[in-house]
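Student: sequence? don't have it. structure:
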């Protein structure tokens, strides 16, 4: 994460641990709170966070001091030296008590904070005066408490290889209205005595370029047992999506709304993320794309592989081999294959450099790379089958009449409807990742359907004009990449695109109209806190252009205006062609 550049702001080291070791550096996020005029003595607690300091002081809000505050939080100092207290919903913001600590994490004072919401004021202690501000969300708050002996948040985000994993427990604090809407409890705590609850959780980095280059990171949250969060279907693994490229915070919300209406799996909730009391920002909590009855509902071949392998799973020896059909596959020796290796498979299109580092993959003769997400470890028979299947589809597609050397038509391999729907969403949103990365497909057993389906839809934070060099509303984006140039040579695909065009356009117009305003209003308080913590408005974030986000209001308007103009261009240049 980033450190403050102001000469006044000193990020002094400090991570307090159980054994009294004071260590390391800080680059994380912090929030504060305080409550009730009378300050009572609170037993000393283990401060296991990386605390941000200003002039040798850090500030905390303790739950024991403050009415309605469910967990301790740390103040975040911005570059001007103002200490910001980012409150979860339910905390009493009118009468806060903040505890002040020196650089050795010894408490020096307790002070009342009375500046009011979205305002700043002064606090004074030990002949020192500090500016302080208070903000509060109305969204659910996800609080992850990493164990004292676990790697810290700083350790996790500092590792460019995403190999560091933190472990601990988590809790969700949900406003009453949201709990009623989602049909969930107002408080969820992992590790409860009840066997029906999941135990400890792990926190790990996720993403590719977003992990390497963004300050606000994406994470994977994994429970020991499957659990439903905020009314979503049960899962062990969850993704915390930062949307840091997207200063409107609504691009993925818009596409998820359209995708759901089109029949693609999609589930997400907006949450505030706190890790060890540090405010990390506004996130989308979503189930990771996986094979299950409530997500990608196909045969779970990975489960069959694990059962057959027993204690020998996972395997330890990988093999990469060229097949006679022209494909190249990476599989794992020593795995026994089930009787039926025709599915199900969950695969993701990605670039060569990434795919080659993954556990299992297929490369076709025309250099299309497919990461095999499930089964993660392919047996020899599975790899050979999938490689020949994908190569057979590709060969048929590139044939002028649509038939490969085996006499099979490309429509016998793939579901044209989902291919057309996915194409239209990507093209209408001008998604720079479409067909290049974050593009999922799945295939069930031949005993069921057996065709290759496009979906679920994922990762649209750079779409809708949010990619430098590709932010114009005119020009084709997706039509000239992946398999789409070949698909457009076949009347079957062109007819399907034309048949689905009006449906996708109407949904996108609705999502980018009144619904976009509703999304903006829903996320507004969270956005205000997020962009106070992450000062990135009116700046270029690598590939995301400055013009796409000069303010939160302008960023949301930019998305709406882009889609309207984009659809007008496609009406003239795609639909009329079809």
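Tutor: Yes, it's here. In this text, all values refer to a predicted model and were calculated from it rather than measured experimentally.
Student: how close does the closest residue to residue 487 other than its chain neighbours sit to residue 409?
Tutor: Spatial nearest neighbour of residue 487, excluding adjacent residues (Cβ to Cβ, 6 or more residues apart in numbering): residue 493 at 4.2 Å. Every residue, glycine included, has its C-beta placed from N, CA and C. The gap separating residue 493 from residue 409 is 12 Å, by Cβ to Cβ, to the nearest Å.
Student: between the two, which one's more packed in?
Tutor: residue 493 (23 against 16; other Cβ atoms under 10 Å).
Student: For the closest residue to residue 265 other than its chain neighbours, report the pLDDT, please.
Tutor: Nearest non-adjacent residue to residue 265, counting by Cβ to Cβ, 6+ apart: residue 456, 4.5 Å away. pLDDT recorded at residue 456 is 96.
Student: do you know how far residue 456 is from residue 438?
Tutor: For residue 456, the distance to residue 438 - Cβ to Cβ - is 10 Å.
Student: where does this protein dip in pLDDT?
Tutor: 1-52, 192-199 (pLDDT under 70).
Student: what do you get if the cut-off is 50, keeping everything else the same?
Tutor: 1-51 (pLDDT under 50).
Student: Break down it into its helices, ranges please.
Tutor: 153-158, 176-182, 209-213, 251-261, 301-309, 352-355, 380-398, 410-413, 416-428, 484-487, 491-511, 514-533, 552-570 (DSSP state H).
Student: can you list contacts of the second one?
Tutor: Put plainly, it is helix 176-182. Applying Cβ atoms under 8 Å, 6 or more residues apart in numbering, the contact partners of helix 176-182 are 139, 140, 174, 185, 186, 230, 231, 232, 269.
Student: Please look at residue 123 and residue 130 and confirm they touch.
Tutor: Yes. Taking contacts as Cβ atoms under 8 Å, residue 123 lies within contact range of residue 130: 5.5 Å.
Student: shared neighbours, the two?
Tutor: residue 83.
Student: ok, for residue 459, nearest residue in space, not its chain neighbours?
Tutor: That would be residue 438: by Cβ to Cβ, 6+ apart, it lies 3.9 Å from residue 459.
Student: right, and residue 452 touches residue 417 too?
Tutor: No. Using Cβ under 8 Å, residue 452 makes no contact with residue 417, being 11.9 Å away.
Student: Of those two, which one has the most company?
Tutor: residue 452 (21 against 15).
Student: how near is the more buried one to residue 171?
Tutor: From residue 452 across to residue 171, the span is 41 Å (Cβ to Cβ).
Student: got the phi/psi numbers for residue 540?
Tutor: Phi and psi for residue 540, reported as degrees, to the nearest 10, are phi -90, psi 120.
Student: ditto for residue 244
Tutor: phi -70, psi -30.
Student: Excluding sequence neighbours, find me the nearest residue to it.
Tutor: Nearest one to residue 244, counting by Cβ to Cβ, 6+ apart, is residue 216 at 4.0 Å.
Student: likewise residue 562?
Tutor: Residue 562 sits nearest to residue 465 (Cβ to Cβ, 6+ apart), 4.1 Å away.
Student: Double-check that neighbour against residue 548; I have them as touching.
Tutor: Yes. Using Cβ under 8 Å, residue 465 is in contact with residue 548, at 5.9 Å.
Student: what sits in contact with each of those two?
Tutor: Joint contacts of residue 465 and residue 548 (Cβ under 8 Å, 6+ apart) are 471, 558.
Student: picking that back up, which neighbouring residues are in contact with the residue nearest to residue 562, exactly?
Tutor: Residue 465 touches 430, 471, 472, 473, 545, 548, 558, 559, 562, counting by Cβ under 8 Å, 6+ apart.
Student: Dihedrals phi and psi, it?
Tutor: Dihedral angles for residue 465 - degrees, to the nearest 10 - are phi 80, psi 20.
Student: so how far is residue 451 from it?
Tutor: 34 Å.
Student: do the same with residue 290
Tutor: Going from residue 290 to residue 451 by Cβ to Cβ gives 20 Å.
Student: Distance from stretch 203-214 to the middle of the chain?
Tutor: Relative to the centre of its chain, stretch 203-214 is centred 10 Å away, using Cα atoms, centre = their mean, to the nearest Å.
Student: what's the straight distance from one end of it to the other?
Tutor: 18 Å (Cα to Cα, to the nearest Å).
Student: same thing with stretch 64-83?
Tutor: 20 Å.
Student: For the residue nearest the centre of the chain, give me its contacts.
Tutor: Against the mean C-alpha coordinate of the chain, by Cα atoms, centre = their mean, the closest residue is residue 241 at 2.0 Å. Residues in contact with residue 241 (Cβ under 8 Å, 6+ apart) are 218, 252, 268, 283, 284, 285, 286, 461.
Student: Among those, which one sits closest to residue 60?
Tutor: residue 283 (22.3 Å; Cβ to Cβ).
Student: give the contact list for that closest one.
Tutor: With the criterion set at Cβ under 8 Å, 6+ apart, residue 283 makes contact with 142, 240, 241, 242, 243, 270, 271, 272, 273.
Student: Domains in the protein, by residue range?
Tutor: 15-135, 141-287, 301-388, 412-575 (automatic domain parsing).
Student: To residue 405, which of those lies closest?
Tutor: domain 301-388 (9.6 Å).
Student: For the residue nearest to residue 459, what are phi and psi?
Tutor: phi 50, psi 30.
Student: Do I have it right that it meets residue 348?
Tutor: Yes. Here residue 438 lies in contact with residue 348, judged by Cβ under 8 Å, at a distance of 7.1 Å.
Student: partners of residue 99 in the sheet?
Tutor: residue 60, residue 110 (DSSP bridges).
Student: what's the answer for residue 172, then?
Tutor: residue 142, residue 188.
Student: Report the contact partners of it.
Tutor: Per Cβ under 8 Å, 6+ apart, neighbours of residue 172: 140, 141, 142, 143, 187, 188, 189, 229, 230, 271.
Student: now do 7 Å
Tutor: 140, 142, 188, 229, 230 (Cβ atoms under 7 Å, 6 or more residues apart in numbering).
Student: for these, which one is nearest residue 77?
Tutor: Nearest to residue 77 among these, with distances taken as Cβ to Cβ, is residue 142, at 23.0 Å.
Student: what's the burial count for the closest one?
Tutor: 26.
Student: Over to residue 62?
Tutor: 21.
Student: measure it to residue 130 for me?
Tutor: Applying Cβ to Cβ to residue 62 and residue 130 gives a distance of 18 Å.
Student: for the residue with the largest distance to the centre of the chain, what are its contacts?
Tutor: The C-alpha centroid of the chain is most remote from residue 127, which lies 44.2 Å away (Cα atoms, centre = their mean). Contacts for residue 127 (Cβ under 7 Å, 6+ apart) come out as none.
Student: Look up how far residue 109 lies from it.
Tutor: 11 Å.
Student: How about residue 479?
Tutor: 64 Å.
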